[in-house]
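Visitor: Sharing a model prediction with you, sequence too.
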Amino acid sequence: MNKAARLVFIPFPGTGHLVSTIQFANLLVERHHHIWITVLVIKLPSDTKTPAYTDSLHSQRLQFINLPEISPNSQPNPLKEMLELQKPHVKEAVSNLTPTPPLAAFVVDMFCTTMIDVAEEFHVPSLVFFTSGLAFLGLMLHLHTLKEEENAEFTVSDAELVIPSFAKALPSRNLPSIVVSKQWEQIFMDYGRGLKKADGIIVNSFEELESHAAHSFLNGPQPIYPVGPILNPKPNGHPHNADIFDWLDHQPPSSVVFLCFGSMGSFGEDQVREIALALENSGARFLWSLRKPPPKGSAFTIPPSDYAPSDLPSILPPGFLDRTAGIGKIIGWAPQAQILAHPATGGFVSHCGWNSTLESIYFGVPIATWPLYAEQQTNAFLLVHELDIAFEISLDYRVEFKDGSATVLSAEKIEKGLRNVVEIDEERRKRVMEVSEKSRKTLLEGGCSHSSLGRLIDYILNQV
């Protein structure tokens, strides 16, 4: 008789985290028929899409429970307060679950480690689901130890840091804002402590991509399970995107550069004009997801929106739309994975968010790096200098969390990155295709992520 086990998943509220958590839950349920998963969904007050999205995925062994909506009112860390206020609701939801199959573990998002306290009350282990890469996980754990043991200070400078999970020294200007900004210090310390408290860490990456980083964890205090790439390579088509794909269908293979900066990425008008100049001067075919910045002072709390077509002439250089009509197309929100999968797409100007990075690798589309926030500067360094599968537009561009401000990158610098990605050298193209091939095979039998997932399932079933 096969044992059955239930997992309780607590994803972080936010599309990037929720989607990859659900895809991982699906992977587990498909891989082993005696695993049941209950996902406790925390909704942000501004989020209208999540309940409809999760309701459509409900099945016998994968169920969703929407936790009551809570609006935090305290600063400086409203998310922390919201998670604390959700603890009684989490406790109640878990207490009400049927006793069969028995609860084996909590799987909490990398930003929800405070929920480990609740798991302890149910006397079950906690696993962290880490939605970034292995090298970045190693960086966070290492810097947290340095801060705890030596009270080390980290600033954006020309200094270079030797980090066990990186093969090359990491310039401090590529460190994430959470580490270099004094105002985030307490959040960073809580974050590192939470990661170290977990009984194991599940990472959305794969050993064939980050072999040096994977090796650096071998004798670590916690088991690490790289089970990626967790992405949705077959997203559903949206009928209202038909014009995008109709346009792509008429472009030569691997000829279009796709510019897209994630769900929170946008630029001021000065920067938009520099991008437009770079595109025009490069002569490259382009598909540009151009989003309207949120109102001043609300960066990172309100996402960017789409421009009305009538707004575009006023923010772009005069005559730009007419002059590029034959080779370029400007769109709003983009179905990113579908565009990257299209044979006409030959390059990707990206903010280097981890989900976007994994998608571009999977579809074999080389990246020109333009990080904005979070761990994207570190990802950009990894792609260009460690893995050698991307080109630099910038590695250390940074959007300030306080007010959304940033420096303006020149058209010349952007154009250079565009040309590199369009005229990619054979050596680099070969490497991109090799890594793409590995990302497609790693979850199949014989691949590292397939084995790692097997180890994780054994661990889960041993808890009941």
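Guide: Received, thanks. Numbers count the residues shown, from 1 in each chain.
Visitor: Which residues outside stretch 321-329 are in contact with it?
Guide: Under the criterion Cβ atoms under 8 Å, 6 or more residues apart in numbering, residues 244, 247, 279-280, 283-288, 312-313, 330 lie in contact with stretch 321-329. Bear in mind the C-beta positions are built from the backbone N, C-alpha and C, glycine included.
Visitor: cutoff 10 Å now
Guide: 243-244, 247-248, 251, 255-257, 259, 276, 279-280, 283-288, 309, 312-313, 316-317, 320, 330 (Cβ atoms under 10 Å, 6 or more residues apart in numbering).
Visitor: Any chance of a PyMOL selection covering the buried ones in the residues you listed?
Guide: Selection of the buried residues among the contacts of stretch 321-329 in PyMOL, burial being defined by 16 or more other Cβ atoms under 10 Å:
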select buried, resi 244+247+248+251+255+256+257+259+276+279+280+284+285+286+287+288+316+320+330
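Visitor: Next step: the contacts of stretch 321-329 restricted to helices.
Guide: 243, 244, 247, 248, 276, 279, 280, 312, 313, 320 (DSSP state H).
Visitor: what does the model give the first one for pLDDT?
Guide: According to the model's per-residue confidence, residue 243 sits at a pLDDT of 94.
Visitor: thinking it is in contact with residue 332, fair?
Guide: No: counting by Cβ atoms under 10 Å, residue 332 is not a contact partner of residue 243; they are 11.6 Å apart.
Visitor: follow-up on the earlier one: mind putting the ones in helices among the contacts of stretch 321-329 into TSV with distance to residue 412?
Guide: Shown next, in TSV, are those (distance: Cβ to Cβ, whole Å):
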residue	distance to residue 412
243	32
244	29
247	28
248	28
276	14
279	13
280	13
312	23
313	24
320	17
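Visitor: Wasn't residue 71 part of a strand?
Guide: No: if the criterion is DSSP: H, G, I helix; E, B strand; the rest coil, then residue 71 is coil and not within a strand.
Visitor: residues contacting the closest residue in space to it that isn't next to it in sequence?
Guide: In this structure, residue 71 finds its nearest non-sequential neighbour in residue 45, 5.1 Å apart by Cβ to Cβ, 6 or more residues apart in numbering. Residues in contact with residue 45 (Cβ under 10 Å, 6+ apart) are 13, 69, 70, 71, 72, 82.
Visitor: quick one: which of those residues has the most company?
Guide: Tallying neighbours with other Cβ atoms under 10 Å puts residue 13 at the head of the contacts of residue 45, with 22 neighbours.
Visitor: ok, so what distance separates residue 123 from residue 114?
Guide: 18 Å (Cβ to Cβ, to the nearest Å).
Visitor: Which one of the two is surrounded by more residues?
Guide: Between residue 123 and residue 114, counted using other Cβ under 10 Å, the more crowded position is residue 114 (19 against 7).
Visitor: ok, the more buried one touching residue 108?
Guide: Yes: counting by Cβ under 10 Å, residue 114 touches residue 108, with 8.4 Å between them.
Visitor: shared neighbours, the two?
Guide: Joint contacts of residue 114 and residue 108 (Cβ under 10 Å, 6+ apart) are 10, 83, 194.
Visitor: How about the backbone phi and psi for residue 387?
Guide: Dihedral pair for residue 387: phi -90, psi -20, per degrees, to the nearest 10.
Visitor: hmm, which two among the ones in helices among the contacts of stretch 321-329 are most spread apart?
Guide: 248 and 313 (23.8 Å; Cβ to Cβ).
Visitor: pretty sure residue 39 contacts residue 22?
Guide: Yes: with contact defined as Cβ under 10 Å, residue 39 reaches residue 22; the gap is 6.9 Å.
Visitor: Pull up the overlap in contacts between these two.
Guide: 9, 11, 54, 57, 62, 64.
Visitor: Derive a ChimeraX selection command for the buried subset of those.
Guide: Restricted to buried positions by 16+ other Cβ under 10 Å, the ChimeraX selection for the shared contacts of residue 39 and residue 22 reads:
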select :9,11,54,62,64
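Visitor: Show me the shared contacts of residue 39 and residue 22 that map onto strands.
Guide: 9, 62, 64 (DSSP state E).
Visitor: Would you mind giving me the confidence score for the first one?
Guide: So that's residue 9. For residue 9, pLDDT reads 98.
Visitor: Quick check: bridge partners of it?
Guide: Beta-bridge partners of residue 9, counted by DSSP bridges, are residue 39, residue 107.
Visitor: One more: the last one?
Guide: Judged by DSSP bridges, the bridge partners of residue 64 are residue 39.
Visitor: Can you pull the domain assignment for this protein?
Guide: 5-152+182-228+443-461, 239-439 (automatic domain parsing).
Visitor: Endpoints of the longest one, how far apart?
Guide: Taking Cα to Cα, to the nearest Å, the span from the opening residue of domain 5-152+182-228+443-461 to its closing residue is 6 Å.
Visitor: Go ahead and measure how far it is from the middle of the chain.
Guide: 14 Å (Cα atoms, centre = their mean, to the nearest Å).
Visitor: Kindly reformat the contacts of residue 45 as CSV and extend each row with distance to residue 90 and pLDDT.
Guide: Below are the contacts of residue 45 laid out as CSV (distance: Cβ to Cβ, whole Å; pLDDT from 0 to 100):
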residue, distance to residue 90, pLDDT
13, 13, 87
69, 14, 90
70, 12, 86
71, 18, 79
72, 16, 75
82, 12, 91
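Visitor: Closest one to residue 165 out of these, please.
Guide: The nearest one, if we look at the contacts of residue 45 relative to residue 165 and count by Cβ to Cβ, is residue 13, at 27.8 Å.
Visitor: is it true that that closest one touches residue 72?
Guide: No: using Cβ under 10 Å, residue 13 is not in contact with residue 72; the gap is 11.3 Å.
Visitor: Show me whatever sits in contact with both of the two.
Guide: 44, 45, 79, 82, 83, 86.
Visitor: Turn these into a markdown table, columns for secondary structure.
Guide: Shown next, in a markdown table, are the shared contacts of residue 13 and residue 72 (three-state DSSP):
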| residue | secondary structure |
| --- | --- |
| 44 | coil |
| 45 | coil |
| 79 | helix |
| 82 | helix |
| 83 | helix |
| 86 | helix |
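Visitor: Between all of those, which two are separated the most?
Guide: Checking the shared contacts of residue 13 and residue 72 with Cβ to Cβ, the most distant pair is 45 and 83, at 14.4 Å.
Visitor: any idea how far residue 350 is from residue 290?
Guide: For residue 290, the distance to residue 350 - Cβ to Cβ - is 15 Å.
Visitor: just residue 186 next, same as before
Guide: For residue 186, the distance to residue 350 - Cβ to Cβ - is 31 Å.
Visitor: And residue 216, by the same measure?
Guide: 26 Å.
Visitor: Which parts of the stretch 301-450 of the chain are strands?
Guide: In the stretch 301-450 of the chain, the strands defined using DSSP state E, counting those that start in this stretch lie at 305-306, 328-331, 345-350, 367-369, 390-392.
Visitor: What residues does the residue nearest to residue 82 when sequence neighbours are not counted make contact with?
Guide: Residue nearest to residue 82 in three dimensions, not counting chain neighbours: residue 72, with 4.3 Å by Cβ to Cβ, 6+ apart. Residues near residue 72 by Cβ under 10 Å, 6+ apart: 44, 45, 78, 79, 80, 81, 82, 83, 84, 85, 86.
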